[in-house]
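> When you get a sec, could you give me coordinates for this:
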Amino acid sequence: MQQWMIYGANGYTGQLIAHEAKAQGLTPILAGRNREAIAALASELGFEHRIFDLRDEAATRDGLEGIRAVAHCAGPFSATSQPMINACMVTHCHYLDITGEIDVFVAAQKRHHDAVAANIVICPGVGFDVIPTDCIAATLKSELPDADHLALGFDSRSGFSPGTAKTSVESLKMGGKVREKDKIRTVPLAFQSRDIDFGNGSKFAVTIPWGDIATAWYTTGIDNIAVFIPMAPSAAARLRKLDAIRPLLALAPVQALLKRIAGKRVKGPDSEQREKARTYVWGEAQNRAGKKVTARIETANGYDVTVHGVLMAVKHVLEAENAPGYFTPSRLMGAQCVERLPGSGAMTISQQ
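Down below sits the predicted model:
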């Protein structure tokens, strides 16, 4: 197997991926900018390591020397993805990441022709964001080719890692997002609501600004997309009230304070918590005639999906014959790839 790298390996998710890679007999090079933490983890697992900061372009290019694929795990990806992609272009290194940020997906999509020229794959979102929902989107498009509305969602109790908590703080200032008539639209938080059976009983659910607003459109071409999660009506009402102070939440000192608090208070779920936290993923496509198709799948918790999704994607880009360019997970590895992940059941389809 060609050399590959986990960048941000000392983060919560990066460490999970590194430990599972060791369990599978893989030998990634661990990397990041925290010399002490990276060196300690590499010594523990018996892996090589490299230290470089993505803010240093030359050091980043040197750090990727000889690397054929990088699993980029250092967020916030709004700040880190483009520097890493730029270096991957120069060094001809496949780019994978675990982002869920809409703007990061949109920016990556715009690099398709650059990736083709560099003969590399760019595929952000090879974790829980957005493998399960992207696979459901692709399946629904296949089942209802003339669909013009797509709703996706999930019910997960996986908990937050420090990185995910900080990204959530950053997303508050951006408001809600939906796709309407082929355009990504900024809307109030908890903009739409409906009752949804994600696979474990009907629940009140609201829209969230999830990555599929960008990725599911690329996968399916459907122009109207929304993503839902279950939420208590009282919590949804509080979230809507936050819209009045979104300009305040966008201020740099406020963002810095909230992220600092999140980093200190959130540690990430332990293995026992992850084991108990099953995830239920749902999707519904509808055409102009009113015909509906629904898909559901039960998976492991979001972090285990991410760990195994990343390793599946790494193996795919290093071992399969890949056309270069930008891909969503289902376009890269097939709409059934979620079913191959440990802990996943079979996807079920129903029509109305």
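
> Double-check that residue 307 belongs to a helix.
Yes - remark: residue 307 belongs to a helix, assigned using DSSP: H, G, I helix; E, B strand; the rest coil.

> can you start the count at 48 instead of 1 from here on
Fine by me, first position is 48 from now on; the one you just mentioned is residue 354.

> burial measure for it, as a count.
Counted by other Cβ atoms under 10 Å, the residues lying close to residue 354 total 27. C-betas here are computed from N, CA, C, even on glycine.

> wait, it sits on residue 63?
Yes - Residue 354 is in contact with residue 63 according to Cβ atoms under 8 Å; the separation is 4.9 Å.

> so where's the stretch 148-297 of the chain shaky on pLDDT?
In the predicted model, the stretch 148-297 of the chain carries pLDDT under 70 at residues 205-221, 293, 295-297.

> just the strands in it please.
Secondary structure of the stretch 148-297 of the chain, counting by DSSP state E, counting those that start in this stretch: strands at 168-170, 196-203, 223-227, 230-234, 240-244, 249-254, 272-277.

> ok, the residue nearest the centre of the chain - contacts?
A centroid search over the chain (Cα atoms, centre = their mean) returns residue 176, at 2.4 Å, as the residue closest to the centre. Residues touching residue 176, when contacts are defined by Cβ atoms under 8 Å, 6 or more residues apart in numbering, comprise 145, 146, 147, 257, 258, 353.

> Contacts only, for residue 101.
Counting by Cβ under 8 Å, 6+ apart, residue 101 makes contact with 80, 107, 121, 127, 130, 131, 134.

> can I get those in JSON lines with secondary structure and pLDDT?
Compiled in JSON lines, these are given as follows (DSSP: H, G, I helix; E, B strand; the rest coil; pLDDT from 0 to 100):
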{"residue": "80", "secondary structure": "coil", "pLDDT": "97"}
{"residue": "107", "secondary structure": "helix", "pLDDT": "98"}
{"residue": "121", "secondary structure": "coil", "pLDDT": "96"}
{"residue": "127", "secondary structure": "helix", "pLDDT": "97"}
{"residue": "130", "secondary structure": "helix", "pLDDT": "98"}
{"residue": "131", "secondary structure": "helix", "pLDDT": "98"}
{"residue": "134", "secondary structure": "helix", "pLDDT": "98"}
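
> for those, which one is nearest residue 325?
Proximity to residue 325 was ranked across the contacts of residue 101 by Cβ to Cβ; first place goes to residue 121, at 28.1 Å.

> what's the closest non-adjacent residue to the closest one?
If the residues on either side of it in the chain are set aside, residue 121 comes closest to residue 55, at 2.9 Å by Cβ to Cβ, 6 or more residues apart in numbering.

> Do I have it right that that neighbour meets residue 123?
No - applying Cβ under 8 Å, one finds residue 55 not in contact with residue 123, separated by 11.0 Å.

> Tell me which of these two has more neighbours.
Shown here are residue 55 and residue 123; by other Cβ under 10 Å, residue 55 has more neighbours (29 against 17).

> I'd like the distance between that one and residue 335.
44 Å (Cβ to Cβ, to the nearest Å).

> Tell me the confidence at residue 326?
pLDDT recorded at residue 326 is 94.

> Settle this for me: it is touching residue 348, isn't it.
Yes - taking Cβ under 8 Å as the contact criterion, residue 326 and residue 348 are neighbours in contact, 5.9 Å apart.

> who's more crowded, these two?
For the pair residue 326 and residue 348, the greater number of neighbours falls to residue 326 (25 against 22), based on other Cβ under 10 Å.

> Provide a list of residues in contact with that one.
Under the criterion of Cβ under 8 Å, 6+ apart, the contact partners of residue 326 comprise 175, 179, 201-205, 345-349, 352.

> Bridged to it, which residues?
With DSSP bridges applied, the residues forming beta bridges to residue 326 are residue 203, residue 346.

> can you check residue 227 too?
With DSSP bridges as the criterion, residue 227 is bridged to residue 230.

> Run a quick neighbour tally on it.
Taking other Cβ under 10 Å as the neighbour definition, residue 227 ends up with a count of 13.

> And residue 300, by the same measure?
For residue 300, using other Cβ under 10 Å, the count is 7.

> Now the residue of the chain most remote from its centre: which helix or strand?
Here the chain reaches farthest from its C-alpha mean at residue 336, the gap being 32.5 Å by Cα atoms, centre = their mean. If you go by DSSP states H and E, residue 336 is not part of any helix or strand.

> ok, it - contacts?
Residues in contact with residue 336, defined by Cβ under 8 Å, 6+ apart, are absent; none qualify.

> Return the backbone torsion pair for it.
Dihedral angles of residue 336 (phi, psi; degrees, to the nearest 10) stand at phi -80, psi 0.

> how close does it get to residue 123?
In this structure, residue 336 lies at 42 Å from residue 123, with Cβ to Cβ as the measure.

> what does residue 99 give?
Using Cβ to Cβ, which is the criterion applied here, residue 99 is 18 Å from residue 123.

> Pull the number of nearby residues for residue 232.
Residue 232 is flanked by 13 other residues according to other Cβ under 10 Å.

> dump the residue contacts of it.
Applying Cβ under 8 Å, 6+ apart, the residues near residue 232 are 224, 225, 226.

> Which of the contacts of residue 176 lies at the shortest distance from residue 237?
Once Cβ to Cβ is applied, the member of the contacts of residue 176 that ends up nearest residue 237 is residue 257, at 13.0 Å.
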